[in-house]
Structure formats: structure tokens, C-alpha cells
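In: Please work out how this folds:
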Amino acid sequence: MKIRVSAVQYHLHTIRSFEEFASQCEHYIKTAQEFGSEFVLFPEFFTTQLLSIGSEQGTSLTINELPGFTEQYKNLFSDFAKQTNMHIIGGTHVINRDGRLYNTAHLFYPDGRIEEQAKLHITPTEVHEWNMSPGEGLRVFDTDKGRIAILTCYDIEFPEIVRLAKAKGADVIFCPSCTDDRHGFHRVRYTSHARAIENQVYVVVTGTIGSLPTVDFMRANFGQAAVITPNDIPFPPKGIMVEGELNDDMIVTADLDLSLLYEVRERGSVTTWRDRRTDLYVDWEKENIEG
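Out: Alright, predicted model coming up:
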């Protein structure tokens with residue numbers, strides 16, 4: 001089975017209304033639709049662009065106001081998914097649940113369903129500056145094109161959680177990210193390659209670009225979209241199926257052939273998933289079954 005995916009290098013800039021945000025998102029959605037994509041990925045924290053609108057009194061909005069846009073955001077992207085018949089990973093949006101803030105990825109299905117995956121590992125900035133709370137559990141999502149997982153930015157830097165996603169049957173990991181400099185960008189990028197090799201899965205990653213001068217901690221962004229593969233004969237030698245131009249406003253698209261994953265897991269030059277030494281460390285498949 002093949003899946004066509006697109007990933008958006010979302011350009012952050014100051015806007016004046018929710019309608020401007022909606023128009024920009026629609027541009028990317030329509031582009032992915034024209035490419036025949038079945039899945040489209042937006043980056044982490046891209047909805048912070050809404051904070052640049054400011055208040056009616058002309059004052060700046062803070063992260064605590066972002067959950068106030070949740071219903072508009074959900075309705076917008078749910079409509080996009082239904083109209084285009086695409087699965088949309090709507091980046092992440094900050095929600096308020098029981099008085100706590102969660103950095104939450106949303107999966108919008110073509111039939112109107114909306115699923116959530118809160119970020120599990122929270123960075124120091126998210127904790128100390130934005131008072132975020134971590135999600136409590138990993139989910140995997142069944143689609144008519146296979147099983148996927150959504151692990152946000154910092155999450156991809158932890159091998160255990162991606163092992164668990166693979167043990168639960170995910171063949172594609174979607175990784176919305178937001179990094180403000182080269183160091184953070186390369187942490188996410190290099191660990192995405194490592195997770196693809198370790199688990200013999202595809203990783204689709206993207207990030208924000210541009211700047212929000214009036215939004216704290218969103219003034220600098222360094223990003224690039226990429227579709228990352230295992231490093232074996234059926235795939236590109238560098239494990240990069242496609243990547244965007246650094247810090248350009250654009251969208252990248254590629255076809256993921258799931259049959260190639262199954263092939264290399266059985267007969268690859270290396271069989272990293274099968275050759276795990278579960279006599280020495282945790283067998284996530286067994287833990288998952290017993291759980």
C-alpha cells in the first residue's frame with residue numbers, strides 16, 4: 001500500500017484576524033489537494049500565529065489566551081478534512097483541560113472525527129515559561145491507509161516512546177515540530193533519522209518558519225520539512241525521500257510505500273526491529289500485549 005503525504009513549512013507572520021489565518025491554511029490545504037495527497041502535516045505551535053492578532057484593546061495576547069481559539073480551529077480543520085477527503089494532522093494547538101494547558105496534536109479524519117495526542121515530553125521553556133503539562137499516554141491511530149502515530153518535536157528525541165509506537169503497529173510517525181535555532185532543528189532532525197533506522201518506519205517531520213515579533217518565544221523559527229526513511233537498499237541512501245528548502249514558505253510531497261517497510265523488516269541488509277535483544281531490555285511488543 002502507498003500513502004501520499006504532504007508536509008507544510010508554515011510561514012509565521014503577524015496577522016490581523018482569524019480569517020487571515022484560515023486563508024493561509026486553506027492555501028496549503030488546496031496545494032496538498034492539488035498534489036493528490038492523502039495526509040497533510042502542519043507544524044507544532046503554528047496556531048500561535050493567532051496570538052499576533054492582539055486584543056481589542058491593542059494589547060498582546062499570551063499563551064493563556066490561545067485555547068480561546070480552539071473551537072474555531074477545530075471547526076476550520078474539520079471542514080478542510082471533510083471537503084478534501086484528506087487526513088489532516090493539524091500541527092499542535094494549545095488546549096485547556098481542567099485548568100491545565102496541553103500542547104496537543106489533532107488528527108482530523110475525512111469523516112469528521114477528531115482525535116488528539118498531547119505532547120508527552122515537555123521542554124524546559126514549555127514548563128517554566130508557558131506552564132504546560134505533559135500528556136499521559138501514547139495513542140496510535142487507525143486510518144484506511146494504515147496505522148500512524150503523532151509524536152511532537154521533543155518526543156522524537158526519546159527512543160522508548162517511538163519503540164512503543166512501533167510495537168503498537170505504527171508504520172508512519174508524524175512529527176510536527178517548532179525549533180528556534182539550528183541546534184534545536186538538528187536535534188529533531190537527527191533523532192528522526194535514528195528513530196526511522198531503529199524501528200524501520202517512515203518519519204514525516206516539519207517545522208515552523210518566519211517570525212512572530214509580538215509573541216513571546218515565537219520570535220525566531222528555523223525549520224524544514226522532510227520525509228525520512230530507513231537506510232536500506234529500497235530507500236534513498238541518505239534516508240531522505242524529500243526535503244524542503246530551509247526556512248522557505250513551501251510544501252513537500254512524497255509517496256510512502258508501506259510494502260518496502262515490511263520487506264526490509266524481513267530481508268533487509270539489517271533487521272533492526274527483529275534483532276532487538278529483548279533478553280537484555282524491554283520487549284515493548286510483549287509489554288503492549290500484556291498492557
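In: is it fair to say residue 11 lies in a helix?
Out: No - in this structure, residue 11 is strand, not part of a helix, as judged by DSSP: H, G, I helix; E, B strand; the rest coil.
In: give the contact list for the residue lying closest to it once chain neighbours are set aside.
Out: Nearest non-adjacent residue to residue 11, counting by Cβ to Cβ, 6 or more residues apart in numbering: residue 249, 3.9 Å away. C-beta coordinates here come from the backbone N, C-alpha and C atoms, glycine included. Applying Cβ atoms under 8 Å, 6 or more residues apart in numbering, we find residue 249 in contact with 9-11, 209-210.
In: If you count neighbours, what's buried in stretch 203-219?
Out: The neighbour-count check on stretch 203-219 (16 or more other Cβ atoms under 10 Å) flags 203-212, 215, 218 as buried.
In: same question but for stretch 17-37, I mixed them up
Out: Under 16+ other Cβ under 10 Å, the buried positions of stretch 17-37 are 20-22, 24-25, 28-29, 31-33, 37.
In: middle-most residue in the protein, spatially?
Out: Centroid-nearest residue in the chain, with Cα atoms, centre = their mean: residue 176, separated by 2.4 Å.
In: That residue contacts residue 88, correct?
Out: No - assessed by Cβ atoms under 8 Å, residue 176 is found out of contact with residue 88, at 11.4 Å.
In: Common neighbours of these two, please.
Out: residue 42.
In: and the buried residues of stretch 17-37 as CSV, adding distance to residue 69 and secondary structure?
Out: As requested, those are exported to CSV (distance: Cβ to Cβ, whole Å; DSSP: H, G, I helix; E, B strand; the rest coil):
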residue, distance to residue 69, secondary structure
20, 13, helix
21, 9, helix
22, 11, helix
24, 14, helix
25, 12, helix
28, 18, helix
29, 18, helix
31, 23, helix
32, 22, helix
33, 24, helix
37, 25, coil
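In: Residue 63: which of the residues you listed is nearest?
Out: Nearest to residue 63 among these, counting by Cβ to Cβ, is residue 21 at 16.3 Å.
In: Quick check: phi and psi at residue 213.
Out: Dihedral pair for residue 213: phi -60, psi -20, per degrees, to the nearest 10.
In: Name all residues that make contact with it.
Out: 14, 52, 219.
In: mind redoing it with 7 Å?
Out: 14, 219 (Cβ atoms under 7 Å, 6 or more residues apart in numbering).
In: how much space between it and residue 49?
Out: Separation of residue 213 from residue 49 (Cβ to Cβ, to the nearest Å): 12 Å.
In: same check, this time on residue 219
Out: Applying Cβ to Cβ, the value for residue 219 to residue 49 is 13 Å.
In: Overlap of the contact sets of the two?
Out: residue 212.
In: what kind of secondary structure is the nearest residue to residue 94 once chain neighbours are set aside in?
Out: In this structure, residue 94 finds its nearest non-sequential neighbour in residue 66, 4.4 Å apart by Cβ to Cβ, 6+ apart. Under three-state DSSP, the three-state class of residue 66 is helix.
In: Residue 66 touches residue 51, doesn't it?
Out: Yes - between residue 66 and residue 51 there is a contact under Cβ atoms under 7 Å: 6.1 Å.
In: list the buried ones in the lowest-mean-pLDDT helix or strand in the chain?
Out: Sorting the helices and strands of the chain by mean pLDDT, DSSP states H and E puts helix 284-290 at the bottom, at a mean of 71. For helix 284-290, burial by neighbour count (16+ other Cβ under 10 Å) applies to 284-285, 288.
In: Tell me where the stretch 1-150 of the chain has helices.
Out: Using DSSP state H, counting those that start in this stretch, the helices of the stretch 1-150 of the chain run over residues 18-34, 70-84, 124-128.
In: how about the shortest one as PDB, C-alpha atoms only?
Out: Spelled out, it's helix 124-128. Taking C-alpha atoms only, helix 124-128 is exported to PDB below (Å, rounded to 0.1, in the frame of the first residue of the first chain):
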ATOM      1  CA  PRO A 124      12.000  23.500  29.800                       C
ATOM      2  CA  THR A 125      10.600  26.500  28.000                       C
ATOM      3  CA  GLU A 126       7.100  24.900  27.900                       C
ATOM      4  CA  VAL A 127       7.300  24.100  31.600                       C
ATOM      5  CA  HIS A 128       8.800  27.300  33.000                       C
END
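In: Mind putting the buried residues of helix 284-290 into a markdown table with distance to residue 120?
Out: Shown next, in a markdown table, are the buried residues of helix 284-290 (distance: Cβ to Cβ, whole Å):
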| residue | distance to residue 120 |
| --- | --- |
| 284 | 15 |
| 285 | 20 |
| 288 | 16 |
